[in-house]
Structures are given as C-alpha cells and as structure tokens.
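# whatever this is, show me its structure:
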Amino acid sequence: MADRIQLSVAFSNIVSNAVEAIGEGEGSIVIRTIKGTHHMVVEFEDSGEGIAEENLPKIFDPLFTTKHHGTGLGLSSVRAIIASHGGTIAVQSPPTVFIVALPHNPPK
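You can find the predicted model right below:
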C-alpha cells in the first residue's frame, strides 16, 4: 500500500545523514522495526555525537542545515514523504534516534 520508491528515498536520506554523523572511524547505525496494532515503527539510531538541543526543533524545517554542503531540503523532504503516507517522524538526541511511524492502512 506504500510507495516503495518514496519510502526508499526517505529511509536512504536518514541513513545517509547517520553515516555523516558518525564520520570517519568506527561507529554504528541500528535500524529497528516494531509492529504495532495500527502502525509499523522504524527507528534509526546512530552512534554519532548527536544533534545540538537548539537545533532539534528546526531540523525538519525547509532550508535549515548545519552542513557546509547541505541544502536543508533532505529532512523536510523526508517528513513530507512520511506525511504523504499518513505517518509521522520524530527525533530524539542523544543518542540520535529518528522514529518513523507508518499506519498499516495508509491514506489513498
């Protein structure tokens, strides 16, 4: 019932950000799935330094970025894709965990 390509783009963006957050050297990315009664939850956790507390409320805003080469469109696009599937995305840090909840029966 979901658009696999769009969700692949969204999840790839989250994982790509996690890889950048870890940087060079050793680190980890853990992806967990939890099947609830009405939602499937996918959590992406990385071992990077975390997101600064003052940036947490802004990270899904269009054009907000802390990267020198970023456009600030990645996470706002991720949020739009998840919302188009009737889902939600949230973040907590540290450690940084992106929490995506998608309904079992998305809107048509």
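# and the next helix or strand past the longest helix that the chain contains?
The longest helix of the chain (DSSP state H) is helix 4-22. As assigned by DSSP states H and E, the chain's next helix or strand after helix 4-22 is strand 29-35.
# list the neighbouring strands of that next one plus their orientation.
strand 39-46 (antiparallel) (DSSP bridges).
# and the next helix-or-strand element following the partner strand with strand 39-46, angle?
Note on strand 39-46: by DSSP H and E, the next helix or strand toward the C-terminus is helix 74-84. Using axes from the mean of the first three to the mean of the last three C-alpha atoms, to 10 degrees, the inter-axis angle of helix 74-84 relative to strand 39-46 is 170 degrees.
# shift numbering so it begins at 2
New numbering, starting at 2: the last item is helix 75-85.
# what's the first helix or strand after helix 75-85?
strand 89-93.
# okay, buried residues for that next one please.
For strand 89-93, burial by neighbour count (16 or more other C-beta atoms under 10 Å) applies to 90, 92. All C-beta spots, glycine's among them, are computed from the backbone N, C-alpha and C.
# now do that strand: everything it contacts.
52, 57, 60-61, 79-80, 83, 98-102 (C-beta atoms under 8 Å, 6 or more residues apart in numbering).
# alright, calling it a day.
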